[in-house]
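Enquirer: let me see the structure of the following:
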Amino acid sequence: MELAWFCPLCDDDYEYLGVPDPKLRSSFPHCRDVLLAAERNGFDNILCPSGYALGIDSIAFAGGVAPLTSRIRLLVAVRCGEMFPPQLARQLATLDRMLGGRLTINIISSDLPGAPLPSGPRYLRTRECMQILRALLNGDGLRHRGEFWQLEIEPPAVRPVSGRCPPFYFGGLSEDAREAAAAEADVFLMWPEPIPALRVLLDDMRARAARHGRTLRFGYRVHVIVRESESEARAHARNLLSRLDAPTGDEIRRKSLDHASEGVRRQAEMRDAADDEGFVEENLWTGIGRARSGCGAAIVGDPDQVVNKLRAYMDLGLEAFILSGYPHADECDWVGRYVLPRLR
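Expert: Okay, here's the model as predicted:
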């Protein structure tokens, strides 16, 4: 089991959803403090996301905080459509050295800013990038003849501490994304879904990976609101939305780079299926998706309810959890106090 937190590099931190707060904006000091809170609270890893238009750069940030950390791993998102893979391999190997072997990699199937590609070619380019990165970070020479890159190259002199490529975490629900994950990823990341839908998705991804002669680990990205009582947790959920109006929420989602993806569509369907309070199943609240794209639901409840929900996911075969909450530093302390000790 891996328990990770989220670092709001992409201007995604609020006291009231949809209401920007200058002191919670993406900056090196603020994001550094969230990361150090996660290490202090005992999280295993922390996701450092990446968005071209929003916030600060994930690789530069990870290099800056590397000397400040001693135990926590960094799950650094890389937008592989924006970078030349051999240069990216050298950056990542250097970063892993700076972290003493604590690097993990979140692969984002991104466009080159200003030059969008249709889904099929974009995911093909992503698969090529993952193949090149894995070979070079494993220390292998490469003769690659792909649609997007033709390379004959030796690996960079700098190598990851382990001598092997750090694991690739990767998510996506479209047909192209699922095939890319089955063929190239190590950990398949999922956004919140009702448990019956999760079972179907897991069965599909296991079968796809098997057709490639591979197995996958499975990860789950979800928000958390935990308080001493369920009523207090629900009150905090309501408070988060207390200053949000519908046009502001629509605009936040529309500005996101992934607003038209299959995964975002599924999150919207889940909100539509929820009850009047936004719960789509026991303790899974979709209200948080009214003010953000992407991961759009939170586990809401008292410590036992949150832990039991996470254990239900573990029973399905999920083993890597990327949790978050608003404001991120405060909720990190709540989860560190009430959830992590029970799971350990």
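Enquirer: mind listing the helices for the chain?
Expert: Using DSSP state H, the helices of the chain run over 28-40, 58-65, 85-98, 119-137, 175-184, 195-211, 230-240, 246-255, 262-273, 303-316, 328-338, 340-343.
Enquirer: need these in a markdown table with distance to Cys295 and mean neighbour count, can you?
Expert: Glycine gets a C-beta too; all of them are placed from N, C-alpha and C. Below are those laid out as a markdown table (distance: least, Cβ to Cβ, whole Å; neighbours: other Cβ atoms under 10 Å):
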| stretch | distance to Cys295 | mean neighbour count |
| --- | --- | --- |
| helix 28-40 | 16 | 19 |
| helix 58-65 | 17 | 20 |
| helix 85-98 | 24 | 20 |
| helix 119-137 | 20 | 21 |
| helix 175-184 | 15 | 20 |
| helix 195-211 | 14 | 14 |
| helix 230-240 | 15 | 17 |
| helix 246-255 | 12 | 13 |
| helix 262-273 | 7 | 16 |
| helix 303-316 | 14 | 17 |
| helix 328-338 | 13 | 20 |
| helix 340-343 | 20 | 14 |
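Enquirer: quick one: closest of these to Gly18.
Expert: Closest to Gly18 of those is helix 246-255 (Cβ to Cβ; 4.5 Å).
Enquirer: shaky segments in the stretch 151-300 of the chain?
Expert: 252-253, 255-260 (pLDDT under 70).
Enquirer: to Asp21, which of the helices of the chain lies closest?
Expert: Going by Cβ to Cβ, the one of those nearest Asp21 is helix 28-40, 10.2 Å.
Enquirer: sheet partners, orientation included, of the longest strand belonging to the chain?
Expert: Ranked by residue count, the top strand of the chain under DSSP state E comes out as strand 217-226. Take DSSP bridges as the rule and strand 217-226 pairs in its sheet with strand 187-190 (parallel), strand 298-301 (parallel), strand 320-324 (parallel).
Enquirer: what comes up buried for that strand?
Expert: 217-226 (16 or more other Cβ atoms under 10 Å).
Enquirer: which residue lies farthest from the center of the chain?
Expert: Glu152 (32.3 Å; Cα atoms, centre = their mean).
Enquirer: partner residues bridging that one?
Expert: If you apply DSSP bridges, the partners that Glu152 bridges to are Arg143.
Enquirer: how about it, what does it touch?
Expert: Neighbouring residues of Glu152 by Cβ atoms under 8 Å, 6 or more residues apart in numbering: 142-144.
Enquirer: could you measure from it over to Arg266?
Expert: 41 Å (Cβ to Cβ, to the nearest Å).
Enquirer: repeat for Lys23
Expert: Taking Cβ to Cβ, one finds Lys23 at 33 Å from Arg266.
Enquirer: just the buried ones from the contacts of Glu152, in ChimeraX syntax?
Expert: Restricted to buried positions by 16+ other Cβ under 10 Å, the ChimeraX selection for those reads:
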select :142,144
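Enquirer: now the contacts of Glu152 as JSON lines including distance to Gln131 and pLDDT?
Expert: Formatted as JSON lines, those follow (distance: Cβ to Cβ, whole Å; pLDDT from 0 to 100):
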{"residue": "Leu142", "distance to Gln131": "9", "pLDDT": "94"}
{"residue": "Arg143", "distance to Gln131": "12", "pLDDT": "95"}
{"residue": "His144", "distance to Gln131": "7", "pLDDT": "95"}
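Enquirer: greatest separation within the buried residues of strand 217-226: which pair is it?
Expert: Arg217 and Ile225 (26.3 Å).
Enquirer: so what's Ile153 up against?
Expert: Shown in contact with Ile153 (Cβ under 8 Å, 6+ apart): 86, 136, 141-142.
Enquirer: ditto for Gly301
Expert: Taking Cβ under 8 Å, 6+ apart, one finds 225-226, 230, 233, 283, 309 in contact with Gly301.
Enquirer: excluding chain neighbours, what is closest to it?
Expert: Residue nearest to Gly301 in three dimensions, not counting chain neighbours: Asn283, with 4.6 Å by Cβ to Cβ, 6 or more residues apart in numbering.
Enquirer: any idea how far Asp44 is from Arg134?
Expert: Going from Asp44 to Arg134 by Cβ to Cβ gives 23 Å.
Enquirer: how far does stretch 20-37 sit from the chain's center?
Expert: Counting by Cα atoms, centre = their mean, to the nearest Å, stretch 20-37 is centred 18 Å from the centre of its parent chain.
Enquirer: dump that stretch to PDB, keeping only the CA atoms.
Expert: Presented in PDB, the C-alpha positions along stretch 20-37 are these (Å, rounded to 0.1, in the frame of the first residue of the first chain):
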ATOM      1  CA  PRO A  20      -8.900  32.500  -5.300                       C
ATOM      2  CA  ASP A  21      -6.900  33.300  -2.200                       C
ATOM      3  CA  PRO A  22      -3.500  35.000  -2.800                       C
ATOM      4  CA  LYS A  23      -1.800  33.200   0.100                       C
ATOM      5  CA  LEU A  24      -2.900  29.800  -1.400                       C
ATOM      6  CA  ARG A  25      -1.700  30.500  -5.000                       C
ATOM      7  CA  SER A  26       0.900  28.300  -6.600                       C
ATOM      8  CA  SER A  27       4.300  29.400  -5.400                       C
ATOM      9  CA  PHE A  28       7.500  27.800  -4.400                       C
ATOM     10  CA  PRO A  29       7.000  28.700  -0.600                       C
ATOM     11  CA  HIS A  30       3.400  27.600  -0.500                       C
ATOM     12  CA  CYS A  31       3.900  24.300  -2.400                       C
ATOM     13  CA  ARG A  32       7.100  23.600  -0.400                       C
ATOM     14  CA  ASP A  33       5.200  23.900   2.800                       C
ATOM     15  CA  VAL A  34       2.400  21.500   1.600                       C
ATOM     16  CA  LEU A  35       5.100  19.000   0.600                       C
ATOM     17  CA  LEU A  36       6.900  19.200   3.900                       C
ATOM     18  CA  ALA A  37       3.600  18.800   5.800                       C
END
